[in-house]
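**Q** please find the sequence and the predicted model below.
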Amino acid sequence: MKRISALILLVLAGCSSSVPENSNHVNSILFTGDGERQPLLVGLGGSEGGNAWAGDRWKPTRDSLVNRGYAFLAVGYFGMKGTAGQLDRVAIEAVHDAILEAQKDPKVDAGRVAIIGGSKGAELALLLASYYPDIKCVVALVPGNCAFPALTLAATTSSWTLQGEEVPFVPMPWAAVPSALKHDLRQAFTIMLQDTAAVEKALIPVEKINGPVLLLSATRDEMWPSTEMSNAMMQRLTLKHFSYPYVHKVIEGGHTDVLDHFDLVIDFLQVHFPV
């Protein structure tokens, strides 16, 4: 009884009815090369927050892409000054507004936009591309196939909103709480995905994406079952007779090991989103 009461107090402590401050603001930095009409790549980080693609960790990769003739827009959507403090009800249209602003740059080919996201950023990338037809290509690294809860203590709100409404998400049931408290996130997500009715409501409509799709998953993903969820997306695209190329590359390793295989992303872009 004491354990249950403590868990209830934890949930109540994390609940919030008001939308977090700055949830409709993002941080974006545009990098361009010397050419004209550069196809635009948009980079989204994951649950680490901040603007990962603008930092030193991704600078060599970002510079390599710019040197190949792409413009690159690094977007941070929470966890930095001027943005939401947590990944909680972040406005998807705010990210798209940053893309629209970058498209105005005279060096950018406004008609050619691709988006690259990792983990929660992959979830966001797939949602953006399914809602906005100006995104012509998606690369999703260790993605989920549904929208999931906010990264808050309570996990009772959506990670995302669209036009002021929460994007439907798969909730965390009480059965998943012990795994989450033990930081066994893969098991927690596995339990969450057993709620087939909630999953059906929260599925990302990937068949609405207006261009090629690349999924990279990890067989021993410790964060969530990215290979299983990627397989589900591939099956959905097949069943929906998706008319663009779609590829799933499975990496042997953990959640971050896919980052060591970015050559697969470059190969895909060169074929399906060339300069």
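**A** Received, thanks. As the structure is a prediction and not an experimental result, all values here were calculated from the model.
**Q** show me where this structure has strands.
**A** According to DSSP state E, the chain carries its strands in the segments 27-31, 38-44, 71-76, 90-91, 108-118, 135-141, 160-162, 165-166, 213-218, 246-251.
**Q** so for Pro20, which of these sits nearest?
**A** strand 90-91 (8.4 Å; C-beta to C-beta). For the C-beta atoms, the positions are set from N, CA and C on the backbone; glycine is no exception.
**Q** who's in contact with that closest one?
**A** For strand 90-91, contacts defined as C-beta atoms under 8 Å, 6 or more residues apart in numbering pick out 23-24, 77-78, 84, 124, 159-162.
**Q** any idea how far Arg89 is from Leu162?
**A** 10 Å (C-beta to C-beta, to the nearest Å).
**Q** comparing these two, which residue is more hemmed in?
**A** More crowded of Arg89 and Leu162, by other C-beta atoms under 10 Å: Arg89, with 23 against 16.
**Q** surely the more buried one and Asn22 touch.
**A** No: when contacts are counted by C-beta atoms under 8 Å, Arg89 is not listed as touching Asn22 (11.0 Å).
**Q** can you pull the residues that touch both of the two?
**A** In contact with both Arg89 and Asn22: no residue, using C-beta under 8 Å, 6+ apart.
**Q** low-confidence stretches in this protein?
**A** The chain contains residues with pLDDT under 70 at 1-17.
**Q** could you redo the last one with a cut-off of 50?
**A** For the chain, the stretches flagged by pLDDT under 50 are 1-15.
**Q** contact partners for Ser230?
**A** 140, 143, 145, 215-217, 248, 250.
**Q** just give me how far stretch 44-60 sits from the chain centre.
**A** What separates the centre of stretch 44-60 from the centre of its chain is 13 Å, taken as C-alpha atoms, centre = their mean, to the nearest Å.
**Q** could you tell me the end-to-end distance of it?
**A** 16 Å (C-alpha to C-alpha, to the nearest Å).
**Q** helices of the stretch 101-250 of the chain, start to end?
**A** 120-131, 177-181, 185-192, 196-202, 226-239 (DSSP state H, counting those that start in this stretch).
**Q** redo the ones you listed as JSON lines? Include distance to Arg68.
**A** Formatted as JSON lines, those follow (distance: least, C-beta to C-beta, whole Å):
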{"stretch": "helix 120-131", "distance to Arg68": "20"}
{"stretch": "helix 177-181", "distance to Arg68": "41"}
{"stretch": "helix 185-192", "distance to Arg68": "35"}
{"stretch": "helix 196-202", "distance to Arg68": "36"}
{"stretch": "helix 226-239", "distance to Arg68": "26"}
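**Q** quick one: closest of these to Leu269.
**A** That would be helix 120-131 among the helices of the stretch 101-250 of the chain, by C-beta to C-beta, at 14.0 Å.
**Q** same for the closest one, what does it pack against?
**A** On a contact count with 3 or more C-beta pairs under 8 Å, 6 or more residues apart in numbering; DSSP states H and E, helix 120-131 meets strand 38-44, helix 92-103, strand 108-118, strand 135-141, strand 160-162.
**Q** before we move on, the earlier item: pick the most buried one from the helices of the stretch 101-250 of the chain.
**A** Stretch with highest mean neighbour count among the helices of the stretch 101-250 of the chain: helix 120-131 (a mean of 26; mean count of other C-beta atoms under 10 Å).
**Q** and the contacts of Ser230, which two are furthest apart?
**A** It's Asn145 and Val250 that sit farthest apart of these, by C-beta to C-beta, at 14.8 Å.
**Q** counting neighbours, go ahead and name the busier of the two.
**A** Between Asn145 and Val250, Asn145 has the larger neighbour count (other C-beta under 10 Å), namely 27 against 15.
**Q** pretty sure the more buried one contacts Met233?
**A** Yes: judged on C-beta under 8 Å, Asn145 makes contact with Met233 at a distance of 4.8 Å.
**Q** any idea how many residues pack against Phe273?
**A** There are 20 residues near Phe273, going by other C-beta under 10 Å.
**Q** mind listing what the closest residue to it other than its chain neighbours touches?
**A** Using C-beta to C-beta, 6 or more residues apart in numbering and skipping residues adjacent in sequence, the residue nearest Phe273 is Cys137, 4.3 Å away. Contact analysis of Cys137 by C-beta under 8 Å, 6+ apart lists 113-115, 211-213, 269, 272-273.
**Q** try it again with 6 Å
**A** Listed by C-beta atoms under 6 Å, 6 or more residues apart in numbering, the contact set of Cys137 reads 114, 211-212, 273.
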